[in-house]
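Colleague: Only the shape, not the letters, is given here:
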């Protein structure tokens, strides 16, 4: 008798032990010492004229950062890119996939209910080998009790994957927006450079005509005409090269905004885009604003959750089932009380030996976690490097712009003086052409430095995560 009474208790021992050990299935602990410490300040100084640290501590609007450039054409282009860019649409589709998968996996945590009906024709020896028809209708329910967090772990990891995809979508949007801004600003810089080169070419062509008149009158030698013609032809070649570069940039813009290059055009106009001064802010804000860093962090947390899922494979599964319905040889008898049938069940399954499969699963999950942690660490390092790069570029470009302005002023004065001395016969035409060539080169370099300042400003905004504080 004692033996009969103790049997139910001993049958529960494996389940009790499994419940006690369930805590072992928790997620792995990440070694935070491998994550770089956030610096207290950036090594490179903020751009000249940037708001002070106290002002930078006040959160500013985040999102439409491109409006700081005060250019309606740029606003329109980025708006089109947000809606039509193929890379953004692909990232949005992948996010939708991740969310759908997360929903599917989360559904496993809830009871599964189904209904069914059927009819079978069978030959039964107990009825004298007379064929019978059996019709049935019923419902069934199944529910896996999540005692050890297996299902919740799967759902949590999938949710973190979806969150990572959402961050990657924002990262793709920021990348495309920055590419549109930099391509457009490069195009405007080329417009300004083309205008400068073509105005110089017009001056050379006027000089050619005047020199040819003087040649016919015998005032100058043919050598001077050849020199001016050579300079005009060389400048025309440079102007055509700028036209070719502009066409390529315009076509690149068309792809970025999702339009056919054959139907897309940006009319040349005066370069009046504002150059905003962006504060660097506090280094810790970079990690909270940059979507690529957030994506890497969510991926790491998902890998951490999957370690717990792999450990939970060592514990039993506990499922509840129930079904009920009717079965009868005739349809009209189907729902009579006498044709009812039902059943309930509980199943506890505990794996004993699997050839090392579960242990390999834990090792693989830990390896994935180490990879995700290394990727997160790399993303943090890259984030701070990007900010430092753009801060250094803006600081040095500001000094370069000032030096280039002095060079333009000096070369312009040289051209004026050389023209005066040439007209008075003190210097040759070759000296005047050298002065004009030097002024053109310095003015073009000044425009290129200005374009680099715009590109570095966009780069800093992107490095800061599409906003600033």
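Modeller: Now that the structure is in, tell me what you want to look at. On a predicted model such as this, the values are computed, not experimentally measured, just so you know. Residues are numbered from 1 along each chain as shown.
Colleague: Show the secondary-structure elements that the top strand by length along the chain is packed against.
Modeller: If you go by DSSP state E, the chain has its longest strand at strand 130-145. The contact analysis (3 or more C-beta pairs under 8 Å, 6 or more residues apart in numbering; DSSP states H and E) places strand 130-145 against strand 112-124, strand 317-328. For the C-beta atoms, the positions are set from N, CA and C on the backbone; glycine is no exception.
Colleague: wait, which of those strands is closest to residue 366?
Modeller: strand 317-328 (22.9 Å; C-beta to C-beta).
Colleague: any idea of the angle the next helix-or-strand element following the closest one forms with strand 130-145?
Modeller: The C-terminal neighbour of strand 317-328 among helices and strands, as given by DSSP states H and E, is strand 340-349. Relative orientation of strand 340-349 and strand 130-145, computed by axes from the mean of the first three to the mean of the last three C-alpha atoms, to 10 degrees: 40 degrees.
Colleague: which strands and helices sit next to the helix or strand following strand 340-349?
Modeller: Downstream of strand 340-349, the next assigned helix or strand under DSSP H and E is helix 357-423. Where contact means 3+ C-beta pairs under 8 Å, 6+ apart, helix 357-423 is packed against helix 284-289, helix 291-312, helix 429-463.
Colleague: which of these is buried the deepest?
Modeller: Ranked by mean neighbour count, those are led by helix 291-312 with a mean of 23 (mean count of other C-beta atoms under 10 Å).
Colleague: for that helix, what is the average pLDDT?
Modeller: For helix 291-312, the mean pLDDT works out to 90.
Colleague: now it, how far from the centre of its chain.
Modeller: 19 Å (C-alpha atoms, centre = their mean, to the nearest Å).
Colleague: What of stretch 187-201?
Modeller: Counting by C-alpha atoms, centre = their mean, stretch 187-201 comes out at 34 Å from the chain centroid.
Colleague: same question, stretch 227-244
Modeller: Taking mean C-alpha positions (C-alpha atoms, centre = their mean), stretch 227-244 and its chain are 42 Å apart.
Colleague: Just tell me which of the helices and strands packed on strand 130-145 ends up closest to residue 282.
Modeller: strand 317-328 (49.0 Å).
Colleague: That closest one pairs with which strands?
Modeller: strand 130-145 (antiparallel), strand 340-349 (antiparallel) (DSSP bridges).
Colleague: do you know which of these lies nearest residue 413?
Modeller: strand 130-145 (85.7 Å).
Colleague: Just the buried positions in the closest one, please.
Modeller: Neighbour-count burial for strand 130-145, counted by 16 or more other C-beta atoms under 10 Å, picks out 135-138, 144.
Colleague: from the chain's centre, how far out does that strand sit?
Modeller: From the chain centre to the centre of strand 130-145 is a distance of 51 Å (C-alpha atoms, centre = their mean).
Colleague: Go through the buried residues of strand 130-145 and say which is closest to residue 172.
Modeller: Once C-beta to C-beta is applied, the member of the buried residues of strand 130-145 that ends up nearest residue 172 is residue 144, at 37.1 Å.
Colleague: quick one, which of the strands paired with strand 317-328 is nearest to residue 173?
Modeller: strand 130-145 (39.0 Å).
Colleague: I'd say residue 366 and residue 309 touch.
Modeller: No: using C-beta atoms under 8 Å, residue 366 is not in contact with residue 309; the gap is 11.9 Å.
Colleague: Can you tell me which of the helices and strands packed on strand 130-145 is most buried?
Modeller: Of all the helices and strands packed on strand 130-145, as judged by average neighbours under mean count of other C-beta under 10 Å, the leader is strand 317-328 with a mean of 16.
Colleague: ok, and what's touching that one?
Modeller: For strand 317-328, contacts defined as C-beta atoms under 8 Å, 6 or more residues apart in numbering pick out 15, 134-145, 147, 150, 334-336, 339-349.
Colleague: again with stretch 293-305
Modeller: 27-28, 30, 153, 156-158, 160-161, 163-165, 167-168, 171, 286-288, 365, 368-369, 371-373, 375-376, 378-380, 383, 465.
Colleague: Pull out the buried residues from these.
Modeller: Applying 16+ other C-beta under 10 Å to the contacts of stretch 293-305 flags 27-28, 30, 153, 156-158, 160-161, 163-165, 167-168, 171, 286-287, 365, 368-369, 372-373, 375-376, 379-380, 383, 465 as buried.
Colleague: How many residues are close by residue 173?
Modeller: Around residue 173 there are 20 other residues, counting by other C-beta atoms under 10 Å.
Colleague: Can you name every helix or strand that the helix or strand hosting it contacts?
Modeller: Taking DSSP H and E as the criterion, residue 173 maps to helix 150-216. If contacts are counted by 3+ C-beta pairs under 8 Å, 6+ apart, helix 150-216 sits against helix 72-84, helix 86-107, helix 222-256, helix 291-312, helix 429-463.
Colleague: Turn the ones you listed into JSON lines, columns for distance to residue 122.
Modeller: Listed next are these as JSON lines, based on distance: least, C-beta to C-beta, whole Å:
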{"stretch": "helix 72-84", "distance to residue 122": "61"}
{"stretch": "helix 86-107", "distance to residue 122": "36"}
{"stretch": "helix 222-256", "distance to residue 122": "66"}
{"stretch": "helix 291-312", "distance to residue 122": "43"}
{"stretch": "helix 429-463", "distance to residue 122": "71"}
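Colleague: And the ones you listed: which comes nearest residue 193?
Modeller: Nearest to residue 193, of these and by C-beta to C-beta, is helix 429-463 at 5.0 Å.
Colleague: That closest one - contacts with which helices or strands?
Modeller: helix 150-216, helix 222-256, helix 357-423.
Colleague: For the first one, give the mean pLDDT please.
Modeller: Right, helix 150-216. So the average pLDDT for helix 150-216 ends up being 91.
Colleague: likewise the last one?
Modeller: Computed over helix 357-423, the mean pLDDT rounds to 92.
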